[in-house]
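Enquirer: Have a look at this fold, sequence not included:
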């Protein structure tokens with residue numbers, strides 16, 4: 001099939017099948033006029049994730065900017081590509097709508113592929129009558145054998161060999177007993193399929209494409225299959241359902257989409273996309289393929305995300321460690337942050353892994369300007385002043401001497417201010433700001449021999465006495481200290497945060513990377529980061545946070561005498577805080593209020609840490625458990641580096657035979673070294689082999705990068 005090129009900024013391969021006849025193009029132009037239309041068509045088989053955010057950004061905004069389309073002429077349809085009722089649900093349908101709206105996108109309209117099922121059925125009849133579709137009784141294994149034979153014959157032809165010698169035709173497979181079935185018989189069987197005469201898997205409707213093609217996606221793809229499953233949107237109207245391969249190009253055509261934008265894994269699906277429209281004499285949109293988003297230290301495969309939820313690794317789809325839109329929202333990322341990030345990485349065909357730091361840096365810029373400041377202590381240690389220099393205990397009895405006006409934002413006066421009271425008889429500092437020594441000058445916090453400044457108070461704090469838990473001598477429970485407010489006091493190395501005696505007890509959840517490696521492998525479950533969530537159940541925040549808590553809407557429904565906070569869908573930052581010197585946090589949905597007393601049980605999630613480094617904890621103050629975790633992480637990282645270096649010595653064709661993570665997993669391979677059978681001799685699925693080909697292609701790229709660095 002020949003191809004042509006043009007200067008369209010969103011142009012891809014233009015196949016002969018993709019060229020619209022003049023009369024069809026004229027009708028499309030008449031309907032759309034100056035309008036340029038794209039579509040965002042997710043399948044409701046899970047929650048949207050940050051990869052979908054990139055697609056939304058492209059379809060609702062970036063594509064039009066690339067094309068130079070005036071804002072008034074931009075249109076995007078939000079379509080539910082709901083052709084697989086077994087994997088879809090009302091929960092997923094609702095979540096998609098909620099997330100698209102929250103991200104700030106306004107579709108021209110919302111459509112469902114399922115609402116076109118009658119029209120799709122009629123088009124299937126047209127294909128049958130044209131002799132371009134047939135009812136097939138092959139089971140899955142036989143279809144795989146047929147496709148394997150066709151593939152081996154195509155590979156022989158492409159390498160200049162005789163396919164009849166390399167892979168002789170088997171009449172039972174090619175053409176097989178079904179392909180030449182009469183139109184009348186196909187129509188009869190297909191109508192019986194629709195009326196429920198047959199069992200699931202007994203028959204399918206396949207498109208009569210091209211079993212001699214070099215693209216396996218042209219090997220008579222399935223158009224319809226039997227499924228006795230009610231549909232979550234339209235109910236139990238149908239017992240046969242169209243496939244994605246048959247449906248999505250027709251829906252694009254009927255909705256008069258100008259640009260069908262997809263990711264590169266669908267590249268080989270372009271030919272069947274246009275074949276369907278060619279066969280039905282329908283309008284053909286332009287297709288643009290871009291690289292999918294690959295974000296370091298996470299996974300975006302719906303299969304893996306579903307496993308994270310179902311296997312209990314996560315609390316749910318909105319767990320703050322999940323890369324879902326719901327998870328990002330709960331963690332404190334706003335639509336502006338996510339959209340700015342997506343615009344920044346752009347949309348190209350180049351495959352790459354985006355560093356998480358790019359998302360974090362965008363978040364810091366956004367939240368740094370809009371988040372309210374407060375003081376906190378994640379692991380609070382009580383401090384009591386027992387000695388005063390340059391002041392007296394009585395001087396703090398006057399509120400005027402110990403109450404400070406603190407700006408809610410140092411850069412935005414419109415956010416106002418709050419009052420903070422210093423309580424010298426009892427206040428709290430964070431354990432991370434204390435150590436038994438200064439680690440050779442590398443630790444700037446409080447030690448028995450090193451003083452610090454107290455933020456806002458303007459005084460130095462010196463250790464007088466340490467009090468430990470009697471039952472656990474290693475646990476520090478109180479510091480008796482000297483407060484120095486004298487004129488000539490020495491300048492401290494650092495100023496630390498503190499919390500007054502009337503601070504609010506809360507739970508704080510600190511989030512880190514979900515995985516310990518930037519690119520999780522096939523053994524990804526073993527690479528989950530055990531420190532991805534660290535919970536501080538007895539943290540403190542200063543009382544000013546209650547000013548925000550009192551403005552938050554809580555549910556009217558009680559559970560155990562408490563009401564839960566409602567989700568904020570505004571996309572704003574009213575519930576965000578900067579815990580000074582620690583990071584940016586948001587009030588979590590698990591926060592509650594006592595229905596009778598009105599007391600709050602607040603929970604905070606860390607969105608992202610501060611750009612500045614958090615002071616390093618003194619070595620002698622590190623617990624044995626922390627040391628053990630640190631060493632385990634170092635061992636894991638060293639092991640990963642060694643495995644990567646060893647891997648770079650393996651040729652692509654031997655990757656799955658020699659690499660440690662694949663050894664013993666497979667028993668047979670094709671000519672390119674791609675596994676075809678597992679260790680037990682079972683043939684791998686087409687999907688599994690496709691994923692392995694991607695791994696091999698990634699390995700080839702890594703070898704090229706290595707060669708370039710070595711100057712080869």
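Expert: Structure's in. What do you need? The shown structure was predicted, so the numbers you read here are calculated from the model rather than taken from an experiment.
Enquirer: Help me confirm that residue 191 is found in a helix?
Expert: Yes. Looking at residue 191 with DSSP: H, G, I helix; E, B strand; the rest coil, it is inside a helix.
Enquirer: And for it, the neighbour number?
Expert: By the criterion of other CB atoms under 10 Å, residue 191 has 14 neighbours. Using the backbone N, CA and C atoms, a C-beta is placed for each residue, glycine as well.
Enquirer: how about low-confidence regions in this structure?
Expert: For the chain, the stretches flagged by pLDDT under 70 are 1-7, 12-13, 612-641, 705-706, 708-712.
Enquirer: Contact partners for the residue positioned nearest the centre of the chain?
Expert: For the chain, the residue lying nearest the average C-alpha position, counting by CA atoms, centre = their mean, turns out to be residue 323 (2.8 Å). Residue 323 makes contacts with 49, 50, 51, 295, 298, 299, 300, 305, 514, as judged by CB atoms under 8 Å, 6 or more residues apart in numbering.
Enquirer: and the residues you listed, which are buried?
Expert: With neighbours counted using 16 or more other CB atoms under 10 Å, those contain these buried positions: 49, 50, 51, 295, 298, 299, 300, 305, 514.
Enquirer: Among the residues you listed, which one lies nearest to residue 195?
Expert: Distance to residue 195, by CB to CB, is smallest for residue 305 among those, at 37.4 Å.
Enquirer: Could you say which helix or strand holds that closest one?
Expert: Secondary structure here is read from DSSP states H and E; on that basis residue 305 sits in helix 302-310.
Enquirer: OK, contacts around residue 520?
Expert: By CB under 8 Å, 6+ apart, the contact list for residue 520 reads 298, 299, 527.
Enquirer: Out of those, which is nearest to residue 684?
Expert: Nearest to residue 684 among the contacts of residue 520: residue 299, at 20.7 Å, using CB to CB.
Enquirer: And for the closest one, nearest residue in space, chain neighbours not counted?
Expert: With CB to CB, 6 or more residues apart in numbering as the measure, residue 520 is the residue that lies nearest to residue 299, at 5.6 Å, once sequence neighbours are left out.
Enquirer: Quick check: the gap between that neighbour and residue 14.
Expert: Counting by CB to CB, to the nearest Å, the gap from residue 520 to residue 14 is 37 Å.
Enquirer: What of residue 552?
Expert: Applying CB to CB, one obtains 54 Å for the distance of residue 552 from residue 14.
Enquirer: Look at these two and report which has more neighbours.
Expert: Neighbours per residue, other CB under 10 Å: of residue 552 and residue 14, the larger number sits with residue 14, 19 against 16.
Enquirer: who does the more buried one bridge with?
Expert: With DSSP bridges applied, residue 14 shows beta-bridge pairing to residue 4.
Enquirer: how close does it sit to residue 660?
Expert: Summarising the geometry, the distance separating residue 14 from residue 660, computed by CB to CB, is 44 Å.
Enquirer: is residue 453 in a bridge, and if so with what?
Expert: In this structure, residue 453 has beta-bridge partners residue 460, residue 495, where bridges are defined by DSSP bridges.
Enquirer: my read: it touches residue 459, true?
Expert: Yes. Between residue 453 and residue 459 a contact is recorded at 7.2 Å, counting by CB atoms under 8 Å.
Enquirer: Looking at these two, which is more packed in?
Expert: Of the pair residue 453 and residue 459, residue 459 is the one with more neighbours under other CB under 10 Å, namely 24 against 18.
Enquirer: how about the more buried one, what does it touch?
Expert: Taking CB under 8 Å, 6+ apart as the contact definition, residue 459 lies against 390, 391, 453, 483, 484, 485, 489.
Enquirer: Got phi/psi on it?
Expert: Backbone geometry at residue 459, expressed as degrees, to the nearest 10, gives phi -110, psi 160.
Enquirer: What separation is there between it and residue 251?
Expert: Taking CB to CB as the measure, residue 459 and residue 251 are separated by 69 Å.
Enquirer: Report the beta-bridge partners for the closest residue to residue 539 other than its chain neighbours.
Expert: Excluding the flanking residues, the one nearest residue 539 by CB to CB, 6+ apart is residue 508, at 4.2 Å. The bridge-partner assignment for residue 508, based on DSSP bridges, gives residue 536, residue 604.
Enquirer: does the residue lying closest to residue 545 once chain neighbours are set aside have beta-bridge partners, and which?
Expert: Once its chain neighbours are removed from consideration, residue 545 has its nearest residue in residue 374; the separation is 5.5 Å (CB to CB, 6+ apart). Residue 374 forms beta bridges with residue 579, as assigned by DSSP bridges.
Enquirer: Contact partners for residue 374?
Expert: Counting by CB under 8 Å, 6+ apart, residue 374 has contacts 541, 542, 544, 545, 577, 578, 579, 580.
Enquirer: Do a quick rundown of the helices in the stretch 51-200 of the chain.
Expert: According to DSSP state H, counting those that start in this stretch, the stretch 51-200 of the chain carries its helices in the segments 63-67, 90-102, 117-129, 140-158, 163-166, 183-195.
Enquirer: Out of the ones you listed, which gets nearest to residue 422?
Expert: Going through the helices of the stretch 51-200 of the chain one by one, with CB to CB as the measure, helix 90-102 comes closest at 40.6 Å.
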